[in-house]
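Student: Provided below are the primary sequence and the corresponding predicted coordinates.
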Amino acid sequence: MQYVADSARYDRMEYRRCGNSGLLLPAISLGLWHNFGDTGNLERMRAICRTAFDAGITHFDLANNYGPPAGSAEKNFGRIRKEDLAPYRDELIISTKAGYDMWPGPYGNFGSRKYLLASLDQSLMRMGLDYVDIFYHHCPDPNTPLEETMGALAQAVQSGKALYVGLSNYDGATMQKAAAILKTLHCPFVINQNRYSMLDRTVERNGLLDACQTEQKGLILFSPLAQGLLTDRYLHGSIPADSRIQTDGRFLHAAQLTPELLAKLHALQDLAQQREQSLAQLALCWLLQKQTVTSVLVGASRPEQLLDNLQACAAAPLTAAQQQKIDTILGISAET
């Protein structure tokens, strides 16, 4: 049966502006970093995408190397987009990235004009698209002039293959240099994508948060649940057979589950329960309450997990005392 989107989908979601641009993103976006590679189940992927769109999630975030193997997430999403979401293309924000290792040899990574533009063409082919809505440089490349990398992003827009551009994993100072170049090129740079969670405060220290405000750029966050640590999956110290540590140990390892971390997670769980939330919902609320944040990327291995995370959008704001308690639990001082 042909999929028909829920007619009430836009009533359920908050949409936030990317900096001072005209682009709005849902407060929660769907990230396809995990669970959409060839090791996953296509029908489950389809169910997750349908559930997301029915809930008002219009933004689907990919990269050339998402899988595994690299490229398979774009390929699988492309099939779902064609079979289920094709009538809704003008209601979707589809983003992809290039920067990390993608193919062998000297032209398959980093920030050269040759790599970025070739990768974008490949991404469009895998997804069956004429253009993406946002094309990111995925990581800074210290060995390629910033002018060359930003020029490639501008060329992607000028050629009609991207509507907007973004930067991922940049620090504040480098982002501001890039923003100045893109401004001279009249290129619509609207958003930054960085890792941020209660457990990882790097963007608070590297100038990125402040730079987003200064430059009036959007900010979308990945790993808001710290690869699953900020959920109930590992609270008992055991590692479930279907957990990310067991099924995809590239980014989260058993050695990270120290007694000290588990004690902190239990204390955060107690606070979440006082708020009648899950630990994951508390972690998402903490991010969504920050003024600089445009959207938070969540992944999902099943539709129910996505719906559970979406409840964070309707939760009461954290009080100042609750925010301070989180920092106290994690050993973070006001000067940090």
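Tutor: Thanks, I have it.

Student: where does pLDDT dip in the stretch 151-300 of the chain?
Tutor: Applying pLDDT under 70 to the stretch 151-300 of the chain flags the ranges 237-254.

Student: so which residues of it form strands?
Tutor: Listed in chain order, the strands of the stretch 151-300 of the chain (DSSP state E, counting those that start in this stretch) span 162-168, 189-195, 218-222, 295-298.

Student: show me what the next helix or strand after the shortest one is packed up against.
Tutor: In this case it means strand 295-298. Once strand 295-298 ends, the next helix or strand along the chain (criterion: DSSP states H and E) is helix 303-310. In terms of contacts (3 or more Cβ pairs under 8 Å, 6 or more residues apart in numbering; DSSP states H and E), helix 303-310 is packed against strand 28-31, helix 42-54, helix 279-288. (C-beta placed from N, C-alpha, C; glycine too.)

Student: and helix 303-310 with helix 279-288, angle?
Tutor: 50 degrees (axes from the mean of the first three to the mean of the last three Cα atoms, to 10 degrees).

Student: which of the residues in helix 303-310 are buried?
Tutor: Neighbour-count burial for helix 303-310 flags 303, 305-306, 308-310 (criterion: 16 or more other Cβ atoms under 10 Å).

Student: V296 bridge partners, please.
Tutor: V296 has these beta-bridge partners by DSSP bridges: I28, L221.

Student: dump the residue contacts of it.
Tutor: Neighbour list for V296: 27-29, 220-221, 224, 284, 287-288 [criterion: Cβ atoms under 8 Å, 6 or more residues apart in numbering].

Student: one more pass at 6 Å, please.
Tutor: V296 makes contacts with 28, 221, 224, 284, 287, as judged by Cβ atoms under 6 Å, 6 or more residues apart in numbering.

Student: just N76 next, same as before
Tutor: Neighbouring residues of N76 by Cβ under 6 Å, 6+ apart: 36, 45.

Student: tell me where this protein has helices.
Tutor: Along the chain, the stretches classed as helices by DSSP state H are 42-54, 72-80, 113-127, 146-158, 172-184, 202-205, 208-215, 244-247, 259-274, 279-288, 303-310, 320-329.

Student: from the middle of its chain, how far away would the second one be?
Tutor: Offset of helix 72-80 from its chain centre (Cα atoms, centre = their mean, to the nearest Å): 17 Å.

Student: just the CA coordinates of that helix, formatted as PDB?
Tutor: Presented in PDB, the C-alpha positions along helix 72-80 are these (Å, rounded to 0.1, in the frame of the first residue of the first chain):
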ATOM      1  CA  SER A  72      25.000   2.400   1.900                       C
ATOM      2  CA  ALA A  73      22.900   4.800   4.100                       C
ATOM      3  CA  GLU A  74      22.500   7.100   1.200                       C
ATOM      4  CA  LYS A  75      21.600   4.200  -1.100                       C
ATOM      5  CA  ASN A  76      19.000   2.800   1.300                       C
ATOM      6  CA  PHE A  77      17.500   6.200   2.100                       C
ATOM      7  CA  GLY A  78      17.400   6.900  -1.700                       C
ATOM      8  CA  ARG A  79      15.200   3.800  -2.200                       C
ATOM      9  CA  ILE A  80      12.900   4.800   0.700                       C
END
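
Student: and the angle from it to helix 113-127?
Tutor: Computed by the same axes, to 10 degrees, the angle separating helix 72-80 from helix 113-127 equals 40 degrees.

Student: could you check the pLDDT of the nearest residue to N143 once chain neighbours are set aside?
Tutor: Closest residue to N143 apart from its sequence neighbours, by Cβ to Cβ, 6 or more residues apart in numbering: F110 at 6.9 Å. The model reports F110 with a pLDDT of 98.

Student: could you dump the strands of the stretch 151-300 of the chain to a markdown table with distance to E276?
Tutor: Output for those, formatted as a markdown table (distance: least, Cβ to Cβ, whole Å):
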| stretch | distance to E276 |
| --- | --- |
| strand 162-168 | 35 |
| strand 189-195 | 28 |
| strand 218-222 | 24 |
| strand 295-298 | 20 |
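
Student: which one of the ones you listed lies closest to D54?
Tutor: Checking the strands of the stretch 151-300 of the chain against D54 by Cβ to Cβ gives strand 295-298 as the closest, at 15.3 Å.

Student: doesn't E83 make contact with G128?
Tutor: No - using Cβ atoms under 6 Å, G128 is not in contact with E83, being 10.3 Å away.

Student: returning to what we had before: and of the helices and strands packed on helix 303-310, who's closest to A63?
Tutor: Set against A63 and scored by Cβ to Cβ, the helices and strands packed on helix 303-310 come closest in strand 28-31, at 9.5 Å.

Student: burial check on D270, number of neighbours?
Tutor: Other residues near D270 come to 12 when the count uses other Cβ atoms under 10 Å.

Student: tell me how far it lies from P140.
Tutor: D270 is 39 Å from P140, where distance means Cβ to Cβ, to the nearest Å.

Student: sweet, I'm off.
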